[in-house]
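K.L.:
Whatever this is, show me its structure:
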Amino acid sequence: MEHIEQHFSTKSLEQRTAMVRMRVFLRGLLPDAEEVISYGMPAFKQKKVLVFYEAFSKHLGFYPTGGPIHAFEADLKASGLVYSKGAVQLPFTGNWPEELLEKMVQFRQQQIG
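P.N.:
Numbering: from 1, shown residues only. Modelled structure (predicted):
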């Protein structure tokens with residue numbers, strides 16, 4: 001966990017706050033997952049990485065990989081969030097669509113098996 005804490009310490013307060021919020025959210029969904037740094041980003045892993053997240057200058061990147069993005073693309077469009085093939089941009093402030101994020105994480109878990 002020290003490497004996660006060290007990674008967080010390099011971020012601004014706004015970025016760190018969003019990252020801690022995501023970490024707590026994912027820990028609640030994935031209590032048995034291992035926290036790692038992969039590709040330079042915090043991630044939760046069970047057999048394989050389930051989801052990555054990282055703070056950037058204007059948003060928190062949520063990376064559940066391409067499968068969940070494709071499976072829930074209609075929901076992502078309806079949410080109004082900016083997204084791409086493998087990433088969702090979450091605002092530092094405001095509401096996150098936690099129910100949708102949870103479904104995406106669960107989908108990813110089913111993909112890995």
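K.L.:
Disregarding residues adjacent in the polypeptide, which is nearest to the spatially most central residue of the chain?
P.N.:
Of all residues in the chain, the one closest to the mean position by Cα atoms, centre = their mean is Phe62, 3.4 Å from it. Spatial nearest neighbour of Phe62, excluding adjacent residues (Cβ to Cβ, 6 or more residues apart in numbering): Val88 at 4.4 Å. For the C-beta atoms, the positions are set from N, CA and C on the backbone; glycine is no exception.
K.L.:
these two touch, right, that neighbour and Leu76?
P.N.:
Yes - under the criterion of Cβ atoms under 8 Å, Val88 makes contact with Leu76 at 6.6 Å.
K.L.:
hang on, the earlier thing: quick check: pLDDT value at the residue nearest to the centre of the chain.
P.N.:
Looking at Phe62, its pLDDT reads 98.
K.L.:
Please report how far the residue nearest to Phe62 lies from Lys103.
P.N.:
To Lys103, Val88 is 12 Å away according to Cβ to Cβ, to the nearest Å.
K.L.:
which of those two has more neighbours?
P.N.:
Counted by other Cβ atoms under 10 Å, Val88 and Lys103 do not tie: Val88 has more neighbours, with 25 against 16.
K.L.:
give me phi/psi at the more buried one?
P.N.:
Dihedral pair for Val88: phi -130, psi 130, per degrees, to the nearest 10.
K.L.:
Also Ala71?
P.N.:
phi -60, psi -30.
K.L.:
That one - how many residues pack around it?
P.N.:
17.
K.L.:
With adjacent residues omitted, what lies nearest to it?
P.N.:
Leaving out its chain neighbours, the residue that sits closest to Ala71 by Cβ to Cβ, 6+ apart is Phe107, at 5.5 Å.
K.L.:
Lovely, talk soon.
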